[in-house]
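Chemist: Quick one: sequence plus predicted model below, questions after.
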Amino acid sequence: MALDYGRRRIGVAISDPGRILASPHAVIENRGSTGTPPPELIALLREMAPAEVLLGVPLNMDGSEGEMASETRRFGAAIRERLDIPVTERDERLSSLEADRRLRESGLPRGKRREKGRRDMMAATVLLEDYLAEH
């Protein structure tokens with residue numbers, strides 16, 4: 001499972017049991033919590049019981065870590081502590097741009113492409129696809 005953490009929404013993507021395919025799965029409203037997993041995400045993680053959670057960390061283009069990257073790392077640590085699930089952090093630079101490109105090319109009407117959370121789910125899917133391709 002991959003998560004694209006955001007202060008408003010968290011995009012969720014999942015893979016098949018064979019870890020070959022990545023698919024958009026859900027969007028969890030975050031309600032602006034700074035680093036604390038919302039109850040809906042905790043419930044989803046408990047229900048799905050993933051072997052691993054891949055967490056996109058938004059590093060700056062020069063590779064440095066800003067405020068959002070630090071917050072995302074705190075979020076990952078909170079998941080590890082609450083659920084004892086391995087959380088693997090991964091640089092997510094440019095995943096949102098790739099998500100936007102894929103949504104444009106998908107043929108969906110502009111209004112559908114801009115629905116809340118669609119970009120977040122697609123960014124999580126991009127992150128997971130890249131990870132699965134390397135492993």
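Modeler: On my side now, so go ahead. These numbers come from a predicted model, not from an experiment. Numbers count the residues shown, from 1 in each chain.
Chemist: Under the pLDDT cut-off, which ranges of this protein? List them.
Modeler: Within the chain, the stretches falling below the threshold (pLDDT under 70) are 32-33, 108-116.
Chemist: Next up, the contacts around the residue nearest to residue 83 when sequence neighbours are not counted.
Modeler: Of all residues not flanking residue 83 in the chain, residue 45 sits nearest, at 5.6 Å (Cβ to Cβ, 6 or more residues apart in numbering). From N, CA and C alone the C-beta is placed, and that goes for glycine too. When contacts are counted by Cβ atoms under 8 Å, 6 or more residues apart in numbering, residue 45 touches 1, 37, 53, 79, 83, 85.
Chemist: and what of residue 2?
Modeler: With Cβ under 8 Å, 6+ apart, residue 2 has these contacts: 12-14, 22, 53-56, 124-125, 127-128, 131.
Chemist: With adjacent residues omitted, what lies nearest to it?
Modeler: Per Cβ to Cβ, 6+ apart, closest to residue 2 is residue 128, 3.7 Å.
Chemist: how far does the host helix or strand of that neighbour sit from the chain's center?
Modeler: In this assignment (DSSP states H and E), residue 128 forms part of helix 118-134. Averaging C-alpha positions (Cα atoms, centre = their mean, to the nearest Å) puts helix 118-134 7 Å from its chain's average.
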